[in-house]
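Student: sharing a model prediction with you, sequence too.
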Amino acid sequence: MKVDVNNINVNKDQVWKLFTLTNDNGMTVEFMNYGCIITKIQVPDKYGNFENVVLGFEDYQDYRADSFYLGALIGRVAGRIKGASFQLNGKTYTLDANDGDSCLHGGSIGLNQIVWEANPFQDNNRVGVHLCYQCVDGEAGFPGSVRIQVTYSLDNANQFTIQYKAETDQTTPLALTNHSYFNLSGDLKKTIHNHHLVLDSNRFAELDDTMLPTGMLQHVEGTSFDFRKGRELGQGLNDRSWQNQVANNGYDHYFIFNHKLVHQVVMKDFDSGRVLTIKTNEPGVVMYTSNTLTDGLRFAEGISRQYLGVCFETQASPASLHHEGFPSAILQAGETYDKQTIFTFSVEE
Ligand code: FUC
């Protein structure tokens, strides 16, 4: 196992670091200290061919103004905050409205646009990098000075783990996640329509026509949101239901996990044989099927188009700031934020 480091010369004042984690099977995970952005994950298919299974730009410069948040670490609060404001302990906080009237993914300058301090490490079982950033009190409108450490690590069981640790000196909302778009076909050979998914969830947050949760949780039974026994993503992308249509014809919804299965997400691509399983201690996930991804962006293996990837944004719910019954996104002063999501890659014949 090893960690390689290279420089990306952005301009004469800025150099980003590009890390590549490699395990003994030859699996690699590549990411930058800019926004902790994952740019490439190379895993074998059932014939042993290594290919990339995440969307990433051909030119690293394109990450600077990326409104699709490709591969990025999202925060302080992932998802949409209604009215770009919230109340906490009797005070009203105002954030950036960067998505209509809402605050999306932490506001116009989020954690995805910060250069993080990075320290590589290696131990007996894994290789990785600690990425650290100290948010200032009031940054992007959020209260509290928050120290965040995100650790990316890879082991020889083809498990890529993201661990999030944080502490705050004032009670504040915090909901970090990663925004990688997965496509298991390898090197963007096809869209995600035929990806088969099992999701450990009975309920999802209903959206209104501005993409905000109405405050209602819908049961998945009898809908295209029922992935408990497995179904292909394409069925929901083509579904005429109000909830699929409101999300620009697909999924862009928060699912609450049952935590009854060992893995909360199992996704397969039968042609390549690749399987991705996700295990997390987060209470839920936003599944976004790149419904609004535009055509014509230059990705490493080809040109972008709708439905080219699927994000599993494991996280607490920002809707909890305005509605009862959603998993809380509040971190108390003095409490330790300790979340982890494990992405495991395997193959099936
Ligand atoms: C997801 C979605 C949004 C948005 C963005 C790029 O997390 O919830 O709708 O388009 O990513």
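Tutor: Looks like it arrived, so ask away.
Student: please count neighbours and contacts with C-alpha atoms only from this point.
Tutor: Will do.
Student: list of residues touching the helix or strand where Ser346 lies?
Tutor: Using DSSP states H and E, Ser346 maps to strand 336-347. With contact meaning C-alpha atoms under 8 Å, 6 or more residues apart in numbering, strand 336-347 is reached by 43-46, 157-167, 273-282, 314, 331.
Student: for that strand, list every residue counted as buried.
Tutor: Buried positions in strand 336-347, judged by neighbour count with 16 or more other C-alpha atoms under 10 Å: 337, 339-347.
Student: follow-up on the earlier one: which of the contacts of strand 336-347 count as buried?
Tutor: Applying 16+ other C-alpha under 10 Å to the contacts of strand 336-347 flags 43-46, 158-167, 273-280, 282, 314, 331 as buried.
Student: among those, which lie within strands?
Tutor: 43-44, 159-167, 274-280, 314, 331 (DSSP state E).
Student: rewinding a little: paired strands for the strand holding Ser346, with orientation please.
Tutor: strand 159-168 (antiparallel), strand 274-280 (antiparallel) (DSSP bridges).
Student: between those, which one is nearest to Gly234?
Tutor: Gly234 lies closest, by C-alpha to C-alpha, to one member of the strands paired with strand 336-347: strand 274-280, at 17.2 Å.
Student: returning to what we had before: let me have the strands paired with strand 336-347 in JSON lines, extended by mean pLDDT and distance to the ligand.
Tutor: Shown next, in JSON lines, are those (pLDDT from 0 to 100; distance: least, C-alpha to the nearest ligand atom, whole Å):
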{"stretch": "strand 159-168", "mean pLDDT": "98", "distance to the ligand": "18"}
{"stretch": "strand 274-280", "mean pLDDT": "98", "distance to the ligand": "17"}
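Student: Asp208 contacts Val246, doesn't it?
Tutor: Yes - using C-alpha atoms under 8 Å, Asp208 is in contact with Val246, at 7.1 Å.
Student: neighbour count winner among these two?
Tutor: Comparing Asp208 with Val246 by other C-alpha atoms under 10 Å, the one with more neighbours is Val246, at 18 against 14.
Student: what about that one, distance to the ligand?
Tutor: Val246 sits 11 Å away from the ligand, taking C-alpha to the nearest ligand atom, to the nearest Å as the criterion.
Student: nearest residue to that residue other than its sequence neighbours?
Tutor: Nearest residue to Val246 in three dimensions, chain neighbours excluded: Asp209, at 5.6 Å (C-alpha to C-alpha, 6 or more residues apart in numbering).
Student: check contacts around the closest residue to Thr344 other than its chain neighbours.
Tutor: Using C-alpha to C-alpha, 6+ apart and skipping the chain neighbours, the partner closest in space to Thr344 is Gln159 (4.3 Å). For Gln159, the contact set (C-alpha under 8 Å, 6+ apart) comprises 342-345.
Student: switch to 10 Å and redo it
Tutor: The contact partners of Gln159, taken as C-alpha atoms under 10 Å, 6 or more residues apart in numbering, are 23, 27, 126, 153, 276-278, 342-346.
Student: ditto for Pro120
Tutor: So Pro120 contacts 2-5, 19, 21, 127-131, 151-153 (C-alpha under 10 Å, 6+ apart).
Student: over to Asp226?
Tutor: Asp226 touches 197-204, 219-220, 236, counting by C-alpha under 10 Å, 6+ apart.
Student: picking up where we left off before, ok, of the contacts of Gln159, which one's closest to Gln113?
Tutor: For the contacts of Gln159, the nearest to Gln113 is Ser153 (21.3 Å; C-alpha to C-alpha).
Student: beta partners for the closest one?
Tutor: Gly128, Thr161.
Student: with Thr314 instead?
Tutor: Applying DSSP bridges, one finds that Thr314 bridges with Val285.
Student: mind checking the backbone torsions on the most far-flung residue of the chain relative to its centre?
Tutor: Relative to the centre of the chain, and counting by C-alpha atoms, centre = their mean, the farthest-placed residue is Gly90 at 31.2 Å. Here is the backbone geometry of Gly90 (degrees, to the nearest 10): phi 80, psi 0.
Student: show me where the chain has helices.
Tutor: For the chain, applying DSSP state H gives helices covering 233-237, 242-246.
Student: ok so, going back, any chance of the buried residues of strand 336-347 in CSV, plus distance to Arg76 and pLDDT?
Tutor: Output for the buried residues of strand 336-347, formatted as CSV (distance: C-alpha to C-alpha, whole Å; pLDDT from 0 to 100):
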residue, distance to Arg76, pLDDT
Tyr337, 12, 98
Lys339, 14, 98
Gln340, 16, 98
Thr341, 17, 98
Ile342, 21, 98
Phe343, 22, 98
Thr344, 26, 98
Phe345, 28, 98
Ser346, 32, 98
Val347, 35, 98
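Student: got a pLDDT number for the nearest residue to Ala175 once chain neighbours are set aside?
Tutor: Nearest residue to Ala175, sequence neighbours excluded (C-alpha to C-alpha, 6+ apart): Val77, at 4.5 Å. The model reports Val77 with a pLDDT of 98.
Student: give the burial count for Val77, as a bare number.
Tutor: That count, for Val77 with other C-alpha under 10 Å as the rule, works out to 27.
Student: spit out the contact partners of whichever residue of the chain sits closest to the ligand.
Tutor: Per C-alpha to the nearest ligand atom, Phe68 is where the chain lies closest to the ligand, at 4.0 Å. Neighbour list for Phe68: 179-181, 290, 292-294 [criterion: C-alpha under 10 Å, 6+ apart].
Student: what residues does the stretch 151-300 of the chain have near the ligand?
Tutor: 252, 288 (C-alpha under 6 Å from any ligand atom).
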